[in-house]
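**Student:** what would the 3D arrangement of this be:
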Amino acid sequence: EVQLVESGGGMVQPGGSLRLSCAASGFTFSSYDMTWVRQAPGKGPEWVSTINFGGGSTYYADSVKGRSTISRDNTKNTTYLQMNSLKPEDTAQYYCARRTGSYLEYWGQGTQVTVSS
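**Tutor:** Residues are numbered from 1 along each chain as shown. Below is the predicted model of the structure:
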């Protein structure tokens, strides 16, 4: 059974940092691209970042580019999203997802990030 479990969310002040983690199990982690998606209250899902299966290619939404770093450790079956210089507009539920072809086939339950003073 594929499982994705996010952690690391919380409440931070503007300008702060968080590192989100996504622990994967039930599949060959090193064979799949992984993606982070967020959803703010009252809004639709927003793609945040993707890392390819080997970790050598990364992609970011303009909204987080320069402030966030996606990474993965295939020995730990975990992907990470380091977020710096957080803004109130980064407040959202953050999900990791396994990409299969063009689809985000499996999703975790999400972790809440709240940026507020």
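
**Student:** which element, helix or strand, includes Tyr80?
**Tutor:** strand 78-83 (DSSP states H and E).

**Student:** what mean pLDDT would you report for that strand?
**Tutor:** The average pLDDT within strand 78-83 is 98.

**Student:** so Gln112 sits right up against Pro41, yeah?
**Tutor:** No. Taking contacts as CB atoms under 8 Å, Gln112 lies outside contact range of Pro41: 10.3 Å. C-beta coordinates here come from the backbone N, C-alpha and C atoms, glycine included.

**Student:** okay, these two: which has more neighbours?
**Tutor:** For Gln112 versus Pro41, neighbours defined as other CB atoms under 10 Å are more numerous around Gln112 (12 against 7).

**Student:** residue contacts, the more buried one?
**Tutor:** 9-10, 92-94 (CB atoms under 8 Å, 6 or more residues apart in numbering).

**Student:** of those, grab the buried ones for ChimeraX.
**Tutor:** Of those, the buried ones go into a single ChimeraX selection, burial set by 16 or more other CB atoms under 10 Å:
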select :9,92,93,94
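
**Student:** where do the helices sit along this protein?
**Tutor:** Ranges of helices within the chain: none, based on DSSP state H.

**Student:** please pull out the lowest mean pLDDT helix or strand from the protein.
**Tutor:** strand 103-107 (a mean of 94; mean pLDDT, DSSP states H and E).
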